[in-house]
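**Q** Return atomic coordinates for the entry below.
(chains A and B)
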Amino acid sequence: MSSLLEIEDLRAYYGQVQALHGLQFSLEDGSVTTLLGANGAGKTTTLRAICNMIRSTGNIRFDGKPLAGRSTEDIVKLGIAHVPQGRGTFTRMTVEENLQLGAMTRRDSRGIADDVERMYDHFPKLRERSDQQAGTLSGGEQQMLAVARALMLRPRLMLLDEPSFGLAPLVVRDLFAILARINRDDKVTILVVEQNAQLALAIAGQAYVIETGRIVMAGEASAVADNEDIRKSYLGY
Amino acid sequence: MELFVNQVLAGIATGAIYACMALAVVMIYQAIDHLNFAQGEMAMFSTFIAWQLIQWGVPYWIAFVLTLAISFAGGIIIERLLFKPLAHAPILTHVAGFIALFAIINSVAGLTWDFTIKQFPSPFGSRPFLGSQLISTHQAGMIGVTLVLLLMLYGFFRFTRIGLAMRAAASLPESARLVGINVGWMIALGWGMASAIGAIAGMLIAPVVFLEPNMMGGILLYGFASAVLGGLSSPFGAVIGGFLVGIFENLVGTYIPGVGNELKLPIALALIVTVLVVKPNGLFGRTVVQRV
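**A** Next up, the predicted model:
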């Protein structure tokens, strides 16, 4: 299998403060990878650096193409969908408009209409609420909408920033089941950042653990899950 | 009763002026989330361009279309040169920029075309409209143009992808970038459109108030008031707000004793403030529903 995303020596900065200290990892095409770590470890920063939303140095290659010097919107056009922390929902617009916005880079209006229907099949709650302001949805529904909006891009890579945050455990389980299905059926490569390590490790093939801007552990998700230190620090048993 | 109907009609006729300007105000507010104090001056400058073209012998409607194109481009150029570099500056820096732009455009217009009052032709003529002494064909035409413009804007924002992208860019720039929208260009486009709408307003207003560099001073104030009354997030509200301000102003001047032409503006504005106390988002502004 080939690498879809390769990251070498990634360093990122907030003003004078260095948040990432030379990260190195890669994502295999078609894989699910999780990036684990405590608050402030640099998980969100890593995702933001991939989309050039903060100042960073190092090499990031997507499908062989270097991303350095490209604007966020150009990186999105290459097929990287980023579901940010807090979901980035356009709360003043309707659910349907949010889905349409997800397909903003596409020109195939038939395909877009079909995909809206497909999303409604994936997430029936969204169909019921298609004309409602997205801000009125529950947290779980908004997270489903954020994932659906990202899929409207027909991405090759989806970056998810703490999708479980603030959701009820049952909703989280549904969400991860859907992510696994999307990965399997639509061949979307997924990089998911999580504090909720248990579920993330259950659907991921590869896992990286990050501490204060450095990767401290990498490997098969099952191996990471069996590691005693990781269990104690992140899984709590 | 006849007096009342007449005063309402006359109010609608002046209200059309405010409605037109209010549309331009709402347009820029949608794009940049600020009010542009130089909007009236930009509209005045556009009107002078149209006047100059007509002086050179260009037929009215060709001058009209050319002026729209020039104003659209001019709005984009102003955004690119002046406000794009200020994108991350605090709001007061923007205000200073708007005021500078106001002064510069006003002086340049005065220098180029001097401060004497000029006649500006109306494409609709100025005969009585349907035999009414209170409303002229020009004023009727102006109401018509405002309503058509409103419909076009509504359709643009509601049904086109680029309109949707502009709304997204204005409400949540970062999320808009993450769906691949070039937010910078959406803002520039908003400036261009606001400038072109202002040009239409200016060309319709000039036959009534006459063309000179200070022609927009009072009108921009009324335009702001109308837009705020109707709701800054709603083009429809802005137009209704414009007509309402025109009608208020006339009725107050007619029916409240002791209120002549001098006092009708403050009283109309006081009424607007009263409405806003009850409905802070304006009459038609969308209240953002948010779950907590």
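**Q** how deep is the closest residue to residue B:243 other than its chain neighbours tucked in, by neighbour count?
**A** Excluding the flanking residues, the one nearest residue B:243 by C-beta to C-beta, 6 or more residues apart in numbering or on different chains is residue B:15, at 3.8 Å. Where C-beta positions appear, they are placed from N, C-alpha and C, glycine not excepted. Other residues lying near residue B:15 total 30 when counted by other C-beta atoms under 10 Å in any protein chain shown.
**Q** cool, and residue B:48?
**A** When neighbours are defined as other C-beta under 10 Å, residue B:48 has 23 of them.
**Q** Quick check, it in contact with residue B:206.
**A** No - using C-beta atoms under 8 Å, residue B:48 is not in contact with residue B:206, being 9.0 Å away.
**Q** ok, now which ones touch the residue nearest to residue B:243?
**A** Going by C-beta atoms under 8 Å, 6 or more residues apart in numbering or on different chains, residue B:15 touches B:226, B:242, B:243, B:244, B:245, B:246, B:247.
**Q** What's the first helix or strand after the host helix or strand of the fourth one?
**A** Going back to what we said before, that points to residue B:244. In this structure, residue B:244 sits in helix B:235-255 according to DSSP states H and E. Later in the chain than helix B:235-255, the nearest helix or strand by DSSP H and E is helix B:264-278.
**Q** Not counting that next one itself, show me its contacts.
**A** B:225, B:228-229, B:245, B:248-250, B:252-253, B:256, B:259, B:282-283.
**Q** List the buried residues in that helix.
**A** For helix B:264-278, a neighbour-count test (16 or more other C-beta atoms under 10 Å in any protein chain shown) marks B:264, B:265, B:267, B:268, B:269, B:271, B:272, B:275, B:276 as buried.
**Q** Phi and psi next, for residue A:203.
**A** Phi and psi for residue A:203, reported as degrees, to the nearest 10, are phi -100, psi -10.
**Q** can I assume it is in contact with residue A:160?
**A** No - contact between residue A:203 and residue A:160 fails when scored by C-beta under 8 Å: they sit 11.1 Å apart.
**Q** For chain B, give me the ranges with low pLDDT.
**A** B:132, B:286-292 (pLDDT under 70).
**Q** Do a quick rundown of the helices in it.
**A** B:2-32, B:39-55, B:60-78, B:91-113, B:137-159, B:161-171, B:173-178, B:183-209, B:217-230, B:235-255, B:264-278 (DSSP state H).
**Q** residues from the stretch 51-200 of chain B in reach of chain A?
**A** Proximity of the stretch 51-200 of chain B to chain A is confined to B:161, B:164-165, B:167-168, B:171-172, B:174-183 under the rule C-beta under 8 Å from any C-beta of the partner chain.
**Q** what about 7 Å?
**A** B:161, B:164-165, B:168, B:171-172, B:174-175, B:177-182 (C-beta under 7 Å from any C-beta of the partner chain).
**Q** Show the buried residues in these.
**A** B:164, B:165, B:168, B:171, B:172, B:175, B:177, B:178, B:179, B:180, B:181, B:182.
**Q** does the residue nearest to the fourth one when sequence neighbours are not counted count as helix, strand or coil?
**A** The spatially closest residue to residue B:171, leaving aside those adjacent along the chain, is residue A:92, at 5.5 Å (C-beta to C-beta, 6+ apart). In terms of secondary structure, residue A:92 is coil; the call rests on DSSP: H, G, I helix; E, B strand; the rest coil.
**Q** Give me the phi and psi angles of residue A:92.
**A** phi -80, psi -10.
**Q** Near it, how many other residues are there?
**A** 19.
**Q** got a list of what residue B:150 touches?
**A** Neighbour list for residue B:150: B:23, B:235, B:236, B:239 [criterion: C-beta atoms under 7 Å, 6 or more residues apart in numbering or on different chains].
**Q** Could you dump those residues into JSON lines with distance to residue A:104 added?
**A** Listed next are the contacts of residue B:150 as JSON lines, based on distance: C-beta to C-beta, whole Å:
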{"residue": "B:23", "distance to residue A:104": "26"}
{"residue": "B:235", "distance to residue A:104": "22"}
{"residue": "B:236", "distance to residue A:104": "25"}
{"residue": "B:239", "distance to residue A:104": "29"}
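**Q** Any of those buried? List them.
**A** Of the contacts of residue B:150, these count as buried by 16+ other C-beta under 10 Å: B:23, B:235, B:236, B:239.
**Q** The residues you listed: which two are farthest apart?
**A** Across the buried ones among the contacts of residue B:150, the longest distance by C-beta to C-beta is 9.7 Å; it joins B:23 and B:236.
**Q** Find the nearest non-adjacent residue to residue A:150, please.
**A** residue A:81 (3.7 Å).
**Q** isn't the one you found right up against residue A:148?
**A** No - using C-beta atoms under 7 Å, residue A:81 is not in contact with residue A:148; the gap is 10.6 Å.
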